[in-house]
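> got a predicted structure plus its sequence, pasted below:
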Amino acid sequence: MAAPTMDRSTDTPSAAPQKITMIKGLNQALRATMEADPKVIVMGEDVGKLGGVFRVTDGLQKDFGEQRVLDTPLSESGIIGTAIGLAIRGYRPVCEIQFDGFIFPGFDQIVSQLAKLHYRTQGRIKLPIVVRVPFGGGIGAVEHHSESPESYFAHTAGLKVVACSNPVDAHWMLRQAIECDDPVLFFEPKRRYHEKAELDPSIAPQPLFSSRVVRKGSTATIATYGPMVKTSLDAATAGAEDGLDLEVIDLRSLSPLDLAPVYESVRRTGRLIVVSEAPSEASITGEIAAKVQQECFYSLEAPVLRVTGFDTPYPPAKLEENFLPDLDRVLAAVDRSLAW
């Protein structure tokens, strides 16, 4: 299906530019879509009275009622299964999975039903469901609270998968995802929840399923998404002190991938480093490397390199700084590429 266009009739509550956190941007996006469409409902564990463990849904149940902001049992398969039934009846559910590692009890419903019903019914049934997933590490949490499971879902035909990296994108991308008639897995980098940016309602958002160059450069290209966008930008800033001019691309959409800006960049720089928190084995970073090698083979001056999490379960909190890609690991990969 075509990417949804943004309905400008329900902008953010304030028409003037405002400094917001990612949490606030997501909250305002939910509020705007719920005001615009009575079929939009929010459901998940503790999303109502508590306002979500990260307070993304704070105040929504008070303003829209318990029939539209539903506190569910602790059952991810139940949340997704119920959302599928509601979507068949014409609703547009937004499901919150409390933490990334809790999504797996709902995996069967997502992969076996949510991803396939539109195709199985030859287009007669649409499932406009958004599954919000706070993901990634960096918050000092215990096991099952710092996963990066996005590659599982990007591999599944019938699902759209996106990942925001900043408050402005979080706001507009969530609104666009809710308006989309396809099921969307919406990954939110929880360690970026409290970072701030200016949201200007007068600036139209770009299409949902598209990537964006967030820093121009000529020495090498860094392609990344979610929490690693800021890390990569910090690496580019630090590298500039040593004469490196690094281009950084925020992929934003993981399925479908919009790699045209990456191809264009690599044809200029001749080098690509792909950065992600997720383990490297059978991952989105490997898919990007393969496609860039196919499309840009004669432009590459070095192999495509990857900076990722390790192929191990996520470690205890005291070790996560050694696990997560950081500025130094990104710059080390740039040095290896330039030395090739």
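Cool, the structure landed. These numbers were taken from a predicted model, which means no experiment stands behind them.

> which helix or which strand is home to Arg329?
Using DSSP states H and E, Arg329 sits within helix 327-339.

> so Val42 makes contact with Gly59?
No - in this structure Val42 lies outside contact range of Gly59 using C-beta atoms under 8 Å: 11.4 Å. All C-beta atoms are positioned from the backbone trio N, CA, C, and that covers glycine.

> same drill for these two, tell me which one is more crowded.
A direct count of neighbours by other C-beta atoms under 10 Å for Val42 and Gly59 places Val42 higher, at 26 against 13.

> looks to me like the more buried one is in a strand.
Yes - according to DSSP: H, G, I helix; E, B strand; the rest coil, Val42 belongs to a strand.

> contacts only, for it.
The contact partners of Val42, by C-beta atoms under 8 Å, 6 or more residues apart in numbering, come to 30, 34, 57, 60, 64, 68-70, 93-94, 96.

> including neighbour count, could those go into JSON lines?
JSON lines is the format used below for the contacts of Val42 (neighbours: other C-beta atoms under 10 Å):
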{"residue": "Leu30", "neighbour count": "27"}
{"residue": "Met34", "neighbour count": "22"}
{"residue": "Thr57", "neighbour count": "26"}
{"residue": "Leu60", "neighbour count": "20"}
{"residue": "Phe64", "neighbour count": "19"}
{"residue": "Arg68", "neighbour count": "18"}
{"residue": "Val69", "neighbour count": "24"}
{"residue": "Leu70", "neighbour count": "20"}
{"residue": "Pro93", "neighbour count": "26"}
{"residue": "Val94", "neighbour count": "28"}
{"residue": "Glu96", "neighbour count": "25"}
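
> is it possible to get TSV of the residues you listed that adds pLDDT?
Compiled in TSV, the contacts of Val42 are given as follows (pLDDT from 0 to 100):
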residue	pLDDT
Leu30	98
Met34	98
Thr57	98
Leu60	98
Phe64	98
Arg68	98
Val69	98
Leu70	97
Pro93	98
Val94	98
Glu96	98
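
> pLDDT below threshold where in the chain?
1-15 (pLDDT under 70).

> please identify which two of the contacts of Val42 are farthest apart in space.
Farthest-apart pair in these is Phe64 and Glu96; separation 14.8 Å (C-beta to C-beta).

> for this structure, longest helix please?
Criterion DSSP state H: the longest helix present in the chain is helix 22-36.

> buried residues, it. List them.
Judged by neighbour count using 16 or more other C-beta atoms under 10 Å, the buried positions of helix 22-36 are 22-34.

> which stretches in the chain count as strands?
Counting by DSSP state E, one finds strands in the chain at the ranges 18-21, 40-44, 69-71, 92-96, 130-135, 160-163, 184-189, 196-199, 212-215, 220-224, 246-250, 253-255, 272-279, 305-309.

> okay, buried residues for the first one please.
Translated: strand 18-21. Those would be 18, 20-21, for strand 18-21 by 16+ other C-beta under 10 Å.

> that strand packs against which elements?
helix 167-179, strand 196-199 (3 or more C-beta pairs under 8 Å, 6 or more residues apart in numbering; DSSP states H and E).
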